[in-house]
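Colleague: Everything below, folded, please.
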Amino acid sequence: MCWDVDKSWDEKGFSHVAGRVVTVAFEGVEARRVDVEVQLTSGAVHFAVVGLADKAVAESKERVRAAFAGLGLALPARRIVANLSPADLPKEGSHYDLPIALALMMVMGILPADALDGWAAIGELNLDGQIAPVAGALPAAVAAGGWNMGLICPEACGPEAAWAGETAVLAPRSLIAIVNHFRGTQVMGQPKPGPMLDGARPPDLKDVKGQEQAKRALEIAAAGGHNLLYVGPPGSGKSMLAQRLPGLLPPLSAEELLSTSMVHSMAGLIARGALTRTRPFRSPHHSASMAALTGGGVRAKPGEVSLAHNGVLFLDELPEFSPQALDSLRQPLETGEVMVARANYHVRYPAKVQLVAAQNPCRCGMGGPGRGHCGKAPRCQMSYQSRVSGPLLDRIDLTVDVPPVTAADLALPAPAEGTAEVAARVAAAREVQSSRAAKAGGGVASLNARAEGEWLDTIAALDPPARALLTRAAEAGGLSARGWSRTLRLARTIADLEGAGAVRRVHIAEALIYRRIAPAAESFGENRASAYSL
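Modeller: Residues are numbered from 1 along each chain as shown. Next up, the predicted model:
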C-alpha cells in the first residue's frame, strides 16, 4: 500500500513541525501523561529515543522501523529524534511503540498534523505493522478520560479499555486501520466492554464437619474483614476453612471492581476485557520471595498482596515463608497500600486485603496439648512459632486452635447450615456497617476492621462492664495499643452479628479470647494456659 507524503519542507529538506502524540507512563496503577514528540533534524542518519527510556522503550525504534517496512514505508533518510516528555520521568515498557509510530507518520505527512488532537495512544508493534496487546489499558483509559481525551489501544485491549465509562476508545488491529480511520476511508466504532463473568462456585461450608469454633471465627472474620490465623495439626481442616471464606464475602462493589481490575490490568491478568465481581483469593506458595508478595522487580510489578486487593490473601504453612517476606507485609496490612521504592521514584499499589493464614503447631505437626506426642516439645513449638514475628501476629485479630477431627465428627451427616446461611448473616452485618458509615458522612471506613480514631470510639459505644474488662486486659500486659484498637473492632463485629447496638462485656470477652488474652478466658470459665496456648 502506498500513501502520498504531503508536507512543507524547508530548503534543506527538513520539516518545520514536530509530530506530537500523548501517551502514558505507569506509576503503580496511576497513569501519568507523557508527550511523544518526533522531529527530523540535520545530522547523520539515525533514529534516537530520548527521555529516560528503559531498554524496552529504546528498542521501539527497531520495531517501528520494521513495522513501517512491513507496510511498504521507508523512514526518511534523516536524523529522527523521538523525545518522551517529561524527560525526568522514567519510561518503561513496549507500549510507547504506537505513539512513536503515529507521531512519525504525522511528520511524514501520512497523518494530518492535528489528527490525534484529543487522543492518547498505547500499543506494541509487531514487525508486520499489527498492534500487539499491552498491560495497563484500563488505567490508561481512565487517565485519558480524566484529561478529556480518548484512547487508542490494541484491538485485544479494546474491551478492557471500554470499561472506563465515558472515555472514547479506538481499538485498531494495525497501523493501516488507524490511517484509514483518520483519513475517513474505514471508520472504526467504539468497542464494547468485555463480559462480566460469574466466578467459580466456591466450596460449601457443609463440607467441613466439626470445627464449630473455627467456623464461628471464619464468620466473624468475613463479617468485619478481620485477619485470621488457624493453628492446628495436619489434616484438621485449616485450608478447607480458608478456601470457603470467599463464598461468605459479598461481591465487589462498582468502586471496588474498578480499583481491583486496574491492578489486574497492570499485571496483564484481564483476558479480552472479562471482569468478575468475585473477590480475589490469592494463595502463594511458601517459597514466594519478598518481591513476589509485595511487588517489585525491574518494572515494579504488583505482588500477591496487591493482586488480592479487596479480597483474601491466604498464606498456608505461615512459618515456612521467609521471615523477611512475612515482615514485608506488616506495613501493607496496616496502611492498605504497598510502596515499592526505587532510587529516583516510588511506585504505589493498593493492598486492602484480608489476611488468612494457617500453620502447624510445630514442624512435625504433633506438638501442643491433645495433639499427640512431639519428641522435641516444647522446644520444637517455640522454635517453629518464633519464625513469625510478634509485630505481624499483633496485626492478626483472630487466632484459633483447630483440633484434629474425631471419628465421631466424620461419622456425622453433613451440617444443616452451609455457606448460604452464613453468607446471609455476613451480608446483614456488613449492611449494618455500611449504613452506619453512610450516616456519618464521607471519610470513615465502612468495614469494622478499618475503623480507627474517633470513629472507632464512636461505633464501639462500650458499656461500663465492657470497658472495665478491656482495661483489665490491657493493664495485665496482654494488649498493645494496636491490640486495644483491634480488639474494639473485633468486638464491634461480634455485636453487629448479634444485632446489638452497644458493645457489651460478652463481646469484649470473646474478642479477647480470639486474641489469646487471659482475662477474657477466665471470664468465660477457661484456664489461663488454654488462653495462651497455640
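Colleague: mind listing the helices for the stretch 201-350 of the chain?
Modeller: 212-224, 238-243, 254-266, 290-294, 304-307, 323-327, 330-335 (DSSP state H, counting those that start in this stretch).
Colleague: State the mean pLDDT of the third one.
Modeller: Meaning helix 254-266. For helix 254-266, mean pLDDT is 95.
Colleague: Give me the contact list for it.
Modeller: For helix 254-266, the external contacting residues (CB atoms under 8 Å, 6 or more residues apart in numbering) are 26, 28-29, 135-139, 142, 160, 163, 252, 270, 275, 277, 280, 301-302, 306-307, 309-311, 349-350. (Glycine included, C-beta is placed from N, CA and C.)
Colleague: What residues sit buried inside it?
Modeller: If you call a residue buried by 16 or more other CB atoms under 10 Å, then helix 254-266 has these buried ones: 256-258, 260-266.
Colleague: So residue 117 lies in a strand, does it not?
Modeller: No: counting by DSSP: H, G, I helix; E, B strand; the rest coil, residue 117 is located in no strand; its state is coil.
Colleague: now it: how far from residue 144?
Modeller: 13 Å (CB to CB, to the nearest Å).
Colleague: now do residue 189
Modeller: Residue 189 is 18 Å from residue 144, by CB to CB.
Colleague: which one of those two has more residues nearby?
Modeller: Neighbour count, other CB atoms under 10 Å: between residue 189 and residue 144, residue 144 has more, with 29 against 9.
Colleague: can you confirm that one is in a strand?
Modeller: No: read with three-state DSSP, residue 144 is helix and lies in no strand.
Colleague: Mark which of the contacts of helix 254-266 are part of strands, please.
Modeller: 26, 275, 349-350 (DSSP state E).
Colleague: among those, which two are most distant?
Modeller: 26 and 275 (19.5 Å; CB to CB).
Colleague: Can you list phi and psi of residue 32 for me?
Modeller: phi -100, psi 150 (degrees, to the nearest 10).
Colleague: That one bridge partners, please.
Modeller: residue 25 (DSSP bridges).
Colleague: Show the model's pLDDT score for it.
Modeller: For residue 32, pLDDT reads 95.
Colleague: Neighbours of it, how many?
Modeller: Around residue 32 there are 11 residues (other CB under 10 Å).
Colleague: again with residue 210
Modeller: Neighbours of residue 210 (other CB under 10 Å): 19.
Colleague: cool, and the one 10 residues further on?
Modeller: Applying other CB under 10 Å, we find 25 other residues in the vicinity of residue 220.
Colleague: quick one: it from residue 278, how far?
Modeller: On the measure of CB to CB, residue 220 and residue 278 end up 22 Å apart.
Colleague: just residue 163 next, same as before
Modeller: Separation of residue 163 from residue 278 (CB to CB): 16 Å.
Colleague: the strands in the stretch 1-150 of the chain, which residues?
Modeller: Using DSSP state E, counting those that start in this stretch, the strands of the stretch 1-150 of the chain run over residues 19-27, 30-41, 46-50, 79-85, 119-121, 124-125, 131-132, 150-152.
Colleague: would a markdown table of these with distance to residue 325 be doable?
Modeller: Rendered in a markdown table, the data for these read as follows (distance: least, CB to CB, whole Å):
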| stretch | distance to residue 325 |
| --- | --- |
| strand 19-27 | 24 |
| strand 30-41 | 26 |
| strand 46-50 | 37 |
| strand 79-85 | 35 |
| strand 119-121 | 37 |
| strand 124-125 | 32 |
| strand 131-132 | 34 |
| strand 150-152 | 37 |
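Colleague: and the ones in strands among the contacts of helix 254-266, which are buried?
Modeller: Among the ones in strands among the contacts of helix 254-266, those buried by neighbour count (16+ other CB under 10 Å) are 26, 275, 349-350.
Colleague: Closest to residue 154 out of these?
Modeller: residue 26 (15.9 Å).
Colleague: Test my guess that that closest one contacts residue 90.
Modeller: No: using CB atoms under 8 Å, residue 26 is not in contact with residue 90; the gap is 9.9 Å.
Colleague: For the stretch 401-534 of the chain, give me the ranges with low pLDDT.
Modeller: Applying pLDDT under 70 to the stretch 401-534 of the chain picks out residues 478, 517-534.
Colleague: Helices of that one, start to end?
Modeller: Using DSSP H, counting those that start in this stretch, the helices of the stretch 401-534 of the chain run over residues 407-411, 419-440, 453-460, 464-475, 481-498, 505-514, 518-523, 528-532.
Colleague: Quick one: those as TSV, columns for distance to residue 86 too.
Modeller: Putting these into TSV (distance: least, CB to CB, whole Å) gives the following:
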stretch	distance to residue 86
helix 407-411	64
helix 419-440	39
helix 453-460	38
helix 464-475	51
helix 481-498	41
helix 505-514	51
helix 518-523	57
helix 528-532	57
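Colleague: among those, which is nearest residue 74?
Modeller: Nearest to residue 74, of these and by CB to CB, is helix 419-440 at 61.8 Å.
Colleague: and the angle from that closest one to helix 212-224?
Modeller: 40 degrees (axes from the mean of the first three to the mean of the last three CA atoms, to 10 degrees).
Colleague: Show me what helix 419-440 is packed up against.
Modeller: helix 212-224, helix 453-460, helix 481-498 (3 or more CB pairs under 8 Å, 6 or more residues apart in numbering; DSSP states H and E).
Colleague: just how off-centre is the shortest one within its chain?
Modeller: Taking CA atoms, centre = their mean, to the nearest Å, one finds helix 453-460 lying 28 Å from the centre of the chain it belongs to.
Colleague: Please apply the same query to the longest one.
Modeller: Using CA atoms, centre = their mean, the distance from the centre of helix 481-498 to the centre of the chain it belongs to is 25 Å.
Colleague: ok, now how distant is the residue lying closest to residue 474 once chain neighbours are set aside from residue 98?
Modeller: Nearest residue to residue 474, sequence neighbours excluded (CB to CB, 6 or more residues apart in numbering): residue 484, at 5.9 Å. For residue 484, the distance to residue 98 (CB to CB) stands at 54 Å.
Colleague: count of neighbours near residue 57?
Modeller: Neighbours of residue 57 (other CB under 10 Å): 23.
Colleague: scratch that, residue 450 is what I was asking about
Modeller: Neighbour tally, residue 450, other CB under 10 Å: 17.
Colleague: Same question for residue 166.
Modeller: Neighbours around residue 166, by other CB under 10 Å: 6.
Colleague: in terms of contact, does the residue nearest to residue 474 touch residue 467 like I think?
Modeller: No: counting by CB under 8 Å, residue 484 does not reach residue 467; the two are 11.1 Å apart.
Colleague: Where does pLDDT dip in the chain?
Modeller: 1-17, 343-344, 366-377, 478, 517-534.
Colleague: ok, now which ones touch the residue nearest to residue 324 when sequence neighbours are not counted?
Modeller: Nearest non-adjacent residue to residue 324, counting by CB to CB, 6+ apart: residue 290, 5.5 Å away. By CB under 8 Å, 6+ apart, the contact list for residue 290 reads 296, 322, 324-325, 328.
Colleague: neighbour-wise, which of residue 484 and residue 98 wins?
Modeller: Between residue 484 and residue 98, counting by other CB under 10 Å, residue 98 is the more crowded of the two (30 against 15).
Colleague: Run a quick check on residue 37 versus residue 82, I expect a contact.
Modeller: Yes: in this structure residue 37 lies within contact range of residue 82 using CB under 8 Å: 7.2 Å.
Colleague: residues shared between the contacts of the two?
Modeller: Common neighbours of residue 37 and residue 82 (CB under 8 Å, 6+ apart) are residue 103.
Colleague: Compare these two (neighbour count), which wins?
Modeller: residue 82 (26 against 18).
Colleague: residues touching residue 293, list them.
Modeller: The contact partners of residue 293, taken as CB under 8 Å, 6+ apart, are 284, 303-305, 325, 328-329.
Colleague: Alright, I will stop here.
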